[in-house]
Each structure stands twice: as C-alpha cells, then as structure tokens.
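Student: next comes the sequence, and after it the predicted model I'd like to discuss.
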Amino acid sequence: MTQKIGLILGREWSWPPAFIEEVGSREAGVLAEYVTLGAPRLTDPSEYAVIIDRISHEVPFYRTWLKHAALTGVTVINNPFMWSADDKFFGATLATSLGIAHPKTVLLPNKEYIPGIVHEESLKNLAFPLDWQGVVNHLGLPLILKDAYGGGWRDVYVCRSLDELITHYDNSGQLTMIAQEFIEFEQFVRCICIGQEWVLPTRYDPGERRYHVDEDYLAPALREEIVSQSLTLVRALGYDMNSVEWAVRDGVPYAIDFMNPAPDFDIYSLTEPYFNWVVQKMADLAIRLALEPRPLSGSSSWNQLLRGRPHRALAPVLPPVTRPNRG
C-alpha cells in the first residue's frame, strides 16, 4: 500500500514541487502531494501518514485541522500543539534552562487590546506606568524590540534610544512584544535543522537577508558547538523542521532566534546547494516517518520540556557540508 505525504503551504513555488519530485524518485512506496481541504468532518479518516505544515501560523483553519489530524494518528511536521504553545519569551527561558547563552530578555505588556478589554477594569494586574528606564538599564542600548510570536524578521526594531523604544512600542498595536539585549556580533549563523538530527550551519547576513556559501566560515570547534546546541534546542522543542540563529560575540554563540518552525526553503534565498540539501533531508525524514510512524509526544515529553531537558541524547556532529546534489 502506498503511503502519502501531504503538504500544506502558502505562496511557496520552488521547494514543494522539488520535494514532491524527490519523494517520487526514491520509489519507496511513498508519494507526496498537496492537501486539499473543504469542510472536514470529525469522523473523516485521514489519507495521509505524514503532513508537512508550512503555513498554519498564518491560517488558523489549518492549525485547527492539523491538531485534529495529529490526534487521529497523522505525523505532523511540526507538532501543531507545540507550535501553538511556543513564543520567544518561552524560548528564552528554555535556552537559559538548557545552559545555552541567550540575550537578556524582557516581556512587555501589550500596547493595545481587543475592544472587550477595558483598561481600568480588565488590567488590574498590570503595573502602570511601566518602568521604561528600568528596561533600558537592564538591557542596555541599542536593544531589540520584536514580536514574541513573530518570524521572518517582521516587527523587529533596533532601538538606539529610550524614545525610539517607546515610539516603536506605541505602534505595536495588539502584538505582544519582547525587548532584548542587542548582541554586537562578529559572526552570524543560521542553522537549518531537519529531523532533530541534521543541522546545516550557514553564513547568513541579516542586513542583506542573504545566505553566503562559505564552508570555511566557522572554526571547527565553534561549528561543533553551534551544531550541538542547535540539536539541543530543536530536540527540547520537538521540532523536525526549524532554523536556529546564532550571533557570535567574543567567540560565544548566543541563540537569538529559534522559533522558526516554517523556515525559509526558497531556492533564491537559500542558494542552490543549501536548497538541494533541504529537499533531500526533508524527503529522507518524511519518507521514514511515513513508513515508520512515530507516536505523538505525550505528557512525558511535555514534563521533560518543562524541566528544560532535551528528550534524547545528542547525535554526533555532522562533518562540514560539501556541495550537495540531487542525484
């Protein structure tokens, strides 16, 4: 019997067809296709062994259905229950509990709320006015202001003064924001993480939003440390598809962003070598999970997560990646 892998995605155009072709070329008794949903019924059986979720963070209908699919036995990448619970302040807490260097971080109350919230009556637990100077004194300047649930560098601001911080905060609307220490980095690394076992460290320029193919960018010991700590983070989170960003200051890698469960897979962003690596590794992972289903994480995994401990031992660090091909 042929097992099926379903894709739920948005405007992506390069990775999905390449992935579908790669899965089909393996001749492993598995095929991949786009999921089509109308009005799903509670009793509808799922036709998929694995579903790869690339867009439910922006389409709540998909997230609602994916949680249902996971409970009915489908392996969803990434676990929709974990993704629903994740945020950057939680991530900062998790990294710290795991002994991983992380910028100092402050959680800020929302600037605005839904219409039903009456400030004088509904927000009795909030201190007002907020001690903005205390925030700046703790984090220093410049600092970063960002959406606690955001991604893709949206709603991220470098604030070089108290006035800039307050101005950007005042324009944040109903977003929940965090303020974070700015790490003046000598190197910036984005790791693409697949299957909680494969990590591809890349040289990434956050100013240009651009990858650079540079296999000698990291010294071997630093590369090993970054790969090892990236695996620790994704295994603690249970993410099979993620990217982890590191800012290296004085030789120390700081985990500055690792809530990216739908990382950029576009060929023009990644460059062809990294794109081919992602296509191959995602096919490896999805085919394996289609043929050897993995049970949904239960209370034991959640308890381990909340203790800040990864749920399995680290794998050996992979050797530097050479130019991959799809042959």
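Tutor: Nice, I can see it.
Student: domains of this structure?
Tutor: Structural domains annotated on the chain: 3-85, 104-181, 187-306, as defined by automatic domain parsing.
Student: where in the protein is pLDDT low?
Tutor: Low-confidence regions of the chain, defined by pLDDT under 70, span residues 296-327.
Student: ok so, going back, to residue 91, which of the domains of the chain lies closest?
Tutor: Counting by C-beta to C-beta, residue 91 lies closest to domain 187-306 out of the domains of the chain; the figure is 5.2 Å. Backbone N, C-alpha and C define where each C-beta goes, glycine included.
Student: ok so, going back, which of the domains of the chain sits most buried?
Tutor: A comparison of those by mean neighbour count, using mean count of other C-beta atoms under 10 Å, puts domain 187-306 on top with a mean of 19.
Student: roughly how far is that one from the heart of the chain?
Tutor: What separates the centre of domain 187-306 from the centre of its chain is 9 Å, taken as C-alpha atoms, centre = their mean, to the nearest Å.
Student: out of the domains of the chain, which is closest to residue 94?
Tutor: Residue 94 lies closest to domain 187-306 among the domains of the chain, at 6.1 Å (C-beta to C-beta).
Student: and residue 28, what does it touch?
Tutor: Contacts here follow C-beta atoms under 8 Å, 6 or more residues apart in numbering; on that basis residue 28 touches 287, 291.
Student: element containing it, please.
Tutor: Residue 28 is part of no helix or strand when elements are defined by DSSP states H and E.
Student: and the one 3 residues further on, by the same measure?
Tutor: In the assignment (DSSP H and E), residue 31 maps to strand 30-34.
Student: and if you look at residue 95?
Tutor: Here residue 95 is covered by helix 88-97, with elements defined by DSSP H and E.
Student: how about that helix: buried residues?
Tutor: Within helix 88-97, the residues that qualify as buried by neighbour count (16 or more other C-beta atoms under 10 Å) are 88, 89, 91, 92, 93, 94, 95.
Student: distance between stretch 92-101 and the chain's centre?
Tutor: Here stretch 92-101 is found 16 Å from its chain centre; the criterion is C-alpha atoms, centre = their mean.
Student: could you export that stretch as PDB, CA atoms only?
Tutor: Presented in PDB, the C-alpha positions along stretch 92-101 are these (Å, rounded to 0.1, in the frame of the first residue of the first chain):
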ATOM      1  CA  ALA A  92      14.500  32.500  26.000                       C
ATOM      2  CA  THR A  93      13.500  30.700  29.200                       C
ATOM      3  CA  LEU A  94      14.100  27.300  27.600                       C
ATOM      4  CA  ALA A  95      17.600  28.200  26.300                       C
ATOM      5  CA  THR A  96      18.600  29.600  29.600                       C
ATOM      6  CA  SER A  97      17.400  26.500  31.400                       C
ATOM      7  CA  LEU A  98      19.500  24.300  29.000                       C
ATOM      8  CA  GLY A  99      22.600  26.300  29.700                       C
ATOM      9  CA  ILE A 100      22.700  27.900  26.300                       C
ATOM     10  CA  ALA A 101      23.800  31.600  26.000                       C
END
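Student: so which strand or helix has the nearest residue to residue 190 once chain neighbours are set aside?
Tutor: The shortest distance from residue 190 to any non-neighbouring residue, by C-beta to C-beta, 6 or more residues apart in numbering, is to residue 204 (3.8 Å). Using DSSP H and E, residue 204 falls within strand 198-205.
Student: parallel or antiparallel, which strands does that strand pair with?
Tutor: According to DSSP bridges, strand 198-205 has the following sheet partners: strand 187-194 (antiparallel), strand 210-212 (antiparallel).
Student: same list, the buried residues of helix 88-97, but as TSV with distance to residue 214 please.
Tutor: Output for those, formatted as TSV (distance: C-beta to C-beta, whole Å):
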residue	distance to residue 214
88	28
89	33
91	27
92	29
93	33
94	29
95	26
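Student: mind giving me the packing neighbours of the next helix or strand after the helix holding residue 95?
Tutor: Heading C-terminal from helix 88-97, the first helix or strand you meet, by DSSP H and E, is strand 105-107. Under the contact criterion of 3 or more C-beta pairs under 8 Å, 6 or more residues apart in numbering; DSSP states H and E, strand 105-107 touches helix 88-97, helix 132-139, strand 177-181.
Student: let's go with 10 Å and repeat that
Tutor: The elements that strand 105-107 packs onto, with contact taken as 3 or more C-beta pairs under 10 Å, 6 or more residues apart in numbering; DSSP states H and E, are helix 88-97, helix 132-139, strand 143-147, strand 177-181.
Student: what's the helix or strand just after it in contact with?
Tutor: Sequence order places helix 119-122 as the next helix or strand after strand 105-107, per DSSP H and E. Around helix 119-122, the neighbours that count as contacts under C-beta atoms under 10 Å, 6 or more residues apart in numbering are 112, 113, 114, 116, 126, 128.
Student: let's see it at 7 Å
Tutor: Residues outside helix 119-122 that contact it (C-beta atoms under 7 Å, 6 or more residues apart in numbering): none.
Student: fine by me, we can end here.
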